[in-house]
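Participant: Any chance you could fold what I've pasted below:
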Amino acid sequence: MLGALIFLPLLFAICLYALWRGGSDERVVALTCLFGTAATLATISPLATRYTGIEGGIAIVDVLVLGGFVAVAVRSQRFWPLWVAGFQLTTTFGHAFRLLSGDLVPRAYGAALQFWSYPILLILAIGTWRTHRRSRAYARSERAA
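Facilitator: Modelled structure (predicted):
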């Protein structure tokens with residue numbers, strides 16, 4: 001519960017910032033994060049059985065989010081989307097580890113799925129800040145010319 005109290009406000013704040021100040025890469029990643037989180041919350045198992053087996057719904061969501069992040073990384077001129085896609089790939093591997101190791105502790109499986117969301121948001125915030133800063137500098141140089 002504490003995780004949701006921290007993660008959800010952070011998610012909304014960073015994604016709103018990316019939608020407001022970011023370029024197309026930042027906006028697509030922000031929307032992917034928002035829709036991915038909503039889909040995860042819609043497909044997660046009840047608390048009593050959460051992470052005791054493979055979370056099939058979350059696995060599908062994670063693969064789709066990975067696809068979105070990879071699509072941004074492939075077409076982007078920037079480096080930061082590669083980090084986002086790589087962290088999401090690491091999250092997706094958590095499902096494979098659970099599938100291969102049936103004795104994986106449910107809490108470790110849950111932590112593996114949730115941990116990389118925070119660095120993804122941090123990178124999105126930094127990427128948005130740098131894009132906004134770069135566009136302001138470009139606008140200033142255009143006015144001066």
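
Participant: Averaged pLDDT, the host helix or strand of R140. What do you get?
Facilitator: Element membership for R140, per DSSP states H and E: helix 117-144. What helix 117-144 shows for mean pLDDT is 88.

Participant: Who are the packing partners of it?
Facilitator: helix 2-21, helix 24-43, helix 80-100 (3 or more Cβ pairs under 8 Å, 6 or more residues apart in numbering; DSSP states H and E). All C-beta atoms are positioned from the backbone trio N, CA, C, and that covers glycine.

Participant: List of residues touching the longest one?
Facilitator: So that's helix 80-100. Helix 80-100 has contacts (Cβ atoms under 8 Å, 6 or more residues apart in numbering) with 25, 29, 51, 53-55, 58-59, 62-63, 65-66, 69-70, 72-73, 104, 109, 112-113, 115-117, 119-120, 123-124, 126-127, 130.

Participant: Which of those are buried? Put it as a ChimeraX command.
Facilitator: One line in ChimeraX is enough to select the buried members of those, burial here meaning 16 or more other Cβ atoms under 10 Å:
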select :25,29,51,54,55,58,59,62,65,66,69,70,72,73,104,109,112,113,116,117,120,123,124,127
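
Participant: now the helices and strands packed on helix 117-144 in CSV, with distance to A137 and mean pLDDT?
Facilitator: What follows is the helices and strands packed on helix 117-144, written out as CSV (distance: least, Cβ to Cβ, whole Å; pLDDT from 0 to 100):
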stretch, distance to A137, mean pLDDT
helix 2-21, 14, 92
helix 24-43, 17, 97
helix 80-100, 18, 94
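
Participant: With distance to A139 as extra columns, can I get those helices in CSV?
Facilitator: Output for these, formatted as CSV (distance: least, Cβ to Cβ, whole Å):
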stretch, distance to A139
helix 2-21, 13
helix 24-43, 17
helix 80-100, 21
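
Participant: Any idea which of those helices gets closest to Y138?
Facilitator: helix 2-21 (14.1 Å; Cβ to Cβ).

Participant: Okay, angle between that closest one and helix 24-43 too, please.
Facilitator: Here helix 2-21 points in a direction 150 degrees away from that of helix 24-43 (axes from the mean of the first three to the mean of the last three Cα atoms, to 10 degrees).
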